[in-house]
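In: My questions are about this predicted structure, shown below with the sequence.
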Amino acid sequence: QKEVEQNSGPLSVPEGAIASLNCTYSDRGSQSFFWYRQYSGKSPELIMFIYSNGDKEDGRFTAQLNKASQYVSLLIRDSQPSDSATYLCAVNPSAASGGSYIPTFGRGTSLIVHP
Amino acid sequence: EAGVTQSPTHLIKTRGQQATLRCSPISGHTSVYWYQQALGLGLQFLLWYDEGEERNRGNFPPRFSGRQFPNYSSELNVNALELEDSALYLCASSLVLGSGGNTIYFGEGSWLTVV
């Protein structure tokens, strides 16, 4: 059973702070990793993806991947109240899964950015 | 470029009836995924279609079914509706690149309410 674990939160940070969201996964051979943002009552929106160990930056967002520790994180710099949402981590399985290209999603972390 | 489109946005049905939800993928995408998200819960994988074939299904009863058409659009059918089928149904599409390199993009979702 492939699992993706996230702290459900809520994570509360003040406006302008750095929000750090974490995700662990069980499938050691997982190939690619995604972060989605989901506002209440809306569908998930892709923020960014990462394939290789290390950091990947896109504007105020930085994804960090550590395959040895089976850990992926999302940092949001200069957090804004509009960043308040649930953040979903998704993991694509390894090729050893027989080509089952079905992402596994975590339950999501609720982020609240207060003014 | 148009994203994933879903219809209807909202649907109200009576217990025991059938519901049909429709999805058009992003142009060029051949894979369509269906997920169910009940209120306050995570995304539950329902079905995956690629190149017109059902490739995998999640842990849902057979009354959840669907198909993919030659133009890669898809429909999800839910028969013998039960109250607990009330949820947001999300369609996503991707272009499977191999080695887990597919990125999925979600539509706006269809809210199904069973009364």
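Out: Good, I have the coordinates.

In: quick one: low-confidence parts of the chain?
Out: Went with chain A since none was named. A:1, A:94-100 (pLDDT under 70).

In: Please refer instead to chain B.
Out: The model of chain B has pLDDT under 70 over residues B:1, B:96-101.

In: Flag every residue of it that's near chain A.
Out: Residues of chain B lying close to chain A (Cβ under 8 Å from any Cβ of the partner chain) are B:31, B:33, B:35, B:41-43, B:45, B:48, B:50, B:55-56, B:88, B:90, B:94, B:96, B:98-109. For every residue, glycine as well, the C-beta is placed using N, CA and C.

In: In ChimeraX, select just the buried ones from these.
Out: Restricted to buried positions by 16 or more other Cβ atoms under 10 Å in any protein chain shown, the ChimeraX selection for the residues of chain B next to chain A reads:
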select /B:31,33,35,42,43,45,48,50,55,88,90,94,96,100,102,103,104,105,106,107,108,109
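
In: can you pull up the bridge partners for the closest residue to A:Gly54 other than its chain neighbours?
Out: Of all residues not flanking A:Gly54 in the chain, A:Leu65 sits nearest, at 6.6 Å (Cβ to Cβ, 6 or more residues apart in numbering or on different chains). Counting by DSSP bridges, A:Leu65 forms beta bridges with A:Gly54, A:Val72.

In: hang on, the earlier thing: now intersect the residues of chain B next to chain A with the strands, please.
Out: Using DSSP state E, the members of these that fall in strands are B:31, B:33, B:35, B:45, B:48, B:50, B:55-56, B:88, B:90, B:94, B:105-106.

In: quick one: which of these is nearest to chain A?
Out: Nearest to chain A among these, counting by Cβ to the nearest Cβ, is B:Phe106 at 4.5 Å.

In: close enough to count as contact, the closest one and A:Pro103?
Out: No - counting by Cβ atoms under 8 Å, B:Phe106 sits too far from A:Pro103 to count as a contact (11.0 Å).

In: ok so, going back, can I get the ones in strands among the residues of chain B next to chain A in CSV including distance to A:Tyr87?
Out: Output for these, formatted as CSV (distance: Cβ to Cβ, whole Å):
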residue, distance to A:Tyr87
B:Ser31, 24
B:Tyr33, 20
B:Tyr35, 17
B:Phe45, 19
B:Trp48, 24
B:Asp50, 28
B:Arg55, 28
B:Asn56, 26
B:Leu88, 17
B:Leu90, 16
B:Ser94, 20
B:Tyr105, 17
B:Phe106, 14
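
In: can you count the residues close to the residue nearest to A:Gly54?
Out: Applying other Cβ atoms under 10 Å in any protein chain shown, we find 21 other residues in the vicinity of A:Leu65.

In: give me every residue that touches it.
Out: Going by Cβ atoms under 8 Å, 6 or more residues apart in numbering or on different chains, A:Leu65 touches A:33, A:50-54, A:56, A:71-72.

In: Pipe the residues you listed into TSV and attach neighbour count per row.
Out: Formatted as TSV, these follow (neighbours: other Cβ atoms under 10 Å in any protein chain shown):
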residue	neighbour count
A:Phe33	28
A:Ile50	20
A:Tyr51	14
A:Ser52	10
A:Asn53	11
A:Gly54	10
A:Lys56	15
A:Tyr71	14
A:Val72	25
